[in-house]
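A.B. asks: coords please:
(one chain, ligands or ions: 1)
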Amino acid sequence: MENKIQAAREKLIVALDVASAAEALVLTRQLAPYAGVFKVGMQLFYSAGPEVVRQIKEQGVKVFLDLKLHDIPNTVGQAAKVLAGLGADIINVHAAGGTAMMQAGAQAVKERAAALGIPAPLMIAVTVLTSVDQRIFHQEMGLAGEIEDRVKTWAILTKEAGLDGVVASPRETSIIRQACGKEFAIITPGIRPAWSVSGDQKRIMTPAEAIGQGASYLVVGRPITGSDNPPAAAQKILQEMAEVL
Ligand SMILES: O=c1ccn([C@@H]2O[C@H](COP(=O)(O)O)[C@@H](O)[C@H]2O)c(=O)[nH]1
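C.D. replies: This is a model prediction of the structure:
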């Protein structure tokens with residue numbers, strides 16, 4: 001079982017959606033025994049600045065820099081070059097920006113990492129946000145068809161553009177895995193243990209279900225960070241993941 005707990009730890013990403021480096025570092029120290037990767041999103045990055053990436057990495061964990069770049073190819077390439085220099089282990093763009101945009105980001109990241117002599121971070125594309133359901137997809141976004149078909153199309157586009165994987169709901173994991181193969185990274189937010197509330201997340205699964213579907217990584221934020229006892233919540237999730245590995 002200890003090996004399975006370790007394997008689950010490598011797959012658990014904690015979303016540090018907090019307003020300061022101090023809060024993020026307290027959570028990282030408390031939760032590092034249970035999670036191998038910590039996610040810096042827009043709230044933390046915009047409030048604490050780039051230095052927070054290095055501070056979190058000093059705790060001996062990996063960093064997923066979740067800034068979801070989405071702009072014209074030149075702008076994304078230049079921004080990705082800056083982000084690659086921060087030492088993050090995972091960086092992302094939006095698949096909706098298209099092939100040229102994704103390639104510009106991926107190429108800039110590889111070149112920058114090579115110039116610095118550091119390992120290139122995984123370059124990942126966000127497909128359809130997990131807060132989107134069929135109604136929002138059709139009526140508000142004006143998009144036709146089923147969400148899972150769009151996710152599959154964008155996952156294939158992402159792979160063909162040379163990126164390493166996608167962010168998607170755990171509900172689309174098996175369809176992506178079939179289309180893109182076992183080496184393709186599938187990062188799944190929208191994780192809700194049975195004992196937690198869904199909040200703004202729409203396309204959700206439990207940690208055990210997501211692992212059972214073949215997700216590479218599970219992103220969990222509020223069920224852990226919003227709990228009265230974050231280490232206990234993380235341990236419970238880790239145990240649930242390990243049981244199906
Ligand atoms: O489709 C997406 C893409 C990114 N996220 C991010 O994941 C975490 C989830 O946090 P919870 O508190 O567990 O809901 C959050 O940082 C999002 O920005 C996502 O949820 N869905």
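A.B. asks: name the helices or strands packed onto the lengthiest strand in the chain?
C.D. replies: What stands out as the longest strand in the chain, according to DSSP state E, is strand 62-69. When contacts are defined as 3 or more C-beta pairs under 8 Å, 6 or more residues apart in numbering; DSSP states H and E, strand 62-69 packs onto strand 37-40, helix 42-48, helix 51-57, helix 73-84, strand 90-94. Just so you know, the C-beta spots here come from the backbone N, C-alpha and C atoms, and that holds for glycine as well.
A.B. asks: Dump these to TSV, plus distance to Arg9 and mean neighbour count.
C.D. replies: Formatted as TSV, the entries for the helices and strands packed on strand 62-69 read as follows, by distance: least, C-beta to C-beta, whole Å; neighbours: other C-beta atoms under 10 Å:
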stretch	distance to Arg9	mean neighbour count
strand 37-40	9	24
helix 42-48	21	16
helix 51-57	16	18
helix 73-84	25	19
strand 90-94	16	25
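A.B. asks: Now do the residue nearest the centre of the chain against Asp164, distance only.
C.D. replies: With the centre of the chain defined as its mean C-alpha position, the nearest residue by C-alpha atoms, centre = their mean is Ile187, 4.9 Å away. Going from Ile187 to Asp164 by C-beta to C-beta, to the nearest Å gives 10 Å.
A.B. asks: what touches both of those two?
C.D. replies: Taking C-beta atoms under 8 Å, 6 or more residues apart in numbering as the criterion, Ile187 and Asp164 both touch Ile124.
A.B. asks: how far out from the middle of the chain is stretch 2-15?
C.D. replies: The chain centroid and the centroid of stretch 2-15 are separated by 14 Å, computed with C-alpha atoms, centre = their mean, to the nearest Å.
A.B. asks: Surely Val63 and Leu83 touch.
C.D. replies: No - proximity of Val63 to Leu83 does not meet the contact threshold set by C-beta atoms under 8 Å, at 10.6 Å.
A.B. asks: And the strands in this protein, which stretches?
C.D. replies: With DSSP E applied, the chain shows strands at 12-15, 37-40, 62-69, 90-94, 122-126, 165-167, 185-188, 217-220, listed in chain order.
A.B. asks: tell me the contacts of the one residue in the chain that gets nearest to the ligand?
C.D. replies: Of the chain, the residue with the smallest distance to the ligand, taken as C-beta to the nearest ligand atom, is Gly221 at 2.6 Å. Neighbour list for Gly221: 14-17, 39, 189 [criterion: C-beta under 8 Å, 6+ apart].
A.B. asks: Tell me how far it lies from Ala194.
C.D. replies: Counting by C-beta to C-beta, the separation of Gly221 from Ala194 is 17 Å.
A.B. asks: Next: Val93.
C.D. replies: Shown here: Val93 relative to Ala194, a distance of 33 Å by C-beta to C-beta.
A.B. asks: can you count the residues close to Leu16?
C.D. replies: 27 (other C-beta atoms under 10 Å).
A.B. asks: and it, backbone torsions?
C.D. replies: Dihedral angles phi and psi of Leu16 (degrees, to the nearest 10) take the values phi -90, psi 70.
A.B. asks: if I pick it, what's in contact with it?
C.D. replies: 23-24, 27-28, 38-41, 44, 56, 221, 225.
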